[in-house]
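Trainee: No sequence on hand, only this structure:
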């Protein structure tokens, strides 16, 4: 069986995990947050759904370990309630282009 083609997702500060396999979240979430920081998006909404809470716990566990995360909390009712998590990120550092830049 071949691997599916990579999925292009917009980097707009909203990550809906419904379209991804749970096993992909551990790589996807940090990569998405890094891409947001590169674009100056420091407020991110992660939609994990309400369900049993397993995916929410995975997301929160990952967020707790990422140094670029300042804080996170469950969204308000108008933003998805306990089916989404709001994340505040630290600003990204500018990349150095060499010794004299």
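Mentor: Nice, I can see it. The structure displayed is predicted, hence computed values, not measured ones.

Trainee: if I look at residue 59, how far off is residue 30?
Mentor: Per Cβ to Cβ, to the nearest Å, residue 59 is found 11 Å from residue 30. For every residue, glycine as well, the C-beta is placed using N, CA and C.

Trainee: actually residue 84, not the one I typed
Mentor: With the distance defined as Cβ to Cβ, residue 84 ends up 18 Å from residue 30.

Trainee: ok, the two, which is more surrounded?
Mentor: Between residue 84 and residue 30, counted using other Cβ atoms under 10 Å, the more crowded position is residue 84 (23 against 16).

Trainee: Can you name the residues that contact that one?
Mentor: 45-48, 74-75 (Cβ atoms under 8 Å, 6 or more residues apart in numbering).

Trainee: That one bridge partners, please.
Mentor: Following DSSP bridges, residue 84 is listed with bridge partners residue 47.

Trainee: roughly how far is stretch 17-34 from the heart of the chain?
Mentor: In terms of Cα atoms, centre = their mean, to the nearest Å, the centre of stretch 17-34 is found 7 Å from the chain centre.

Trainee: Enumerate the positions of that stretch that are buried.
Mentor: 17, 25, 28-30, 32-33 (16 or more other Cβ atoms under 10 Å).

Trainee: which residues touch the lengthiest helix in the chain?
Mentor: Ranked by residue count and defined by DSSP state H, the top helix of the chain is helix 25-38. The contact list for helix 25-38 (Cβ under 8 Å, 6+ apart) reads 9, 11, 13, 15, 17, 20, 42, 44, 46, 55, 58-59, 62-63, 66, 68-69, 87, 89-92.

Trainee: correct me, but residue 45 touches residue 81?
Mentor: No: contact status for residue 45 versus residue 81: not in contact, 11.7 Å apart, counting by Cβ atoms under 8 Å.

Trainee: where do the contact lists of those two overlap?
Mentor: Common contacts of residue 45 and residue 81 (Cβ under 8 Å, 6+ apart): residue 75.

Trainee: Between these two, point out the one with more neighbours.
Mentor: Neighbour totals were compared for residue 45 and residue 81, and residue 45 leads with 16 against 11 (other Cβ under 10 Å).

Trainee: and that one, what pLDDT?
Mentor: Per-residue confidence (pLDDT) for residue 45: 97.
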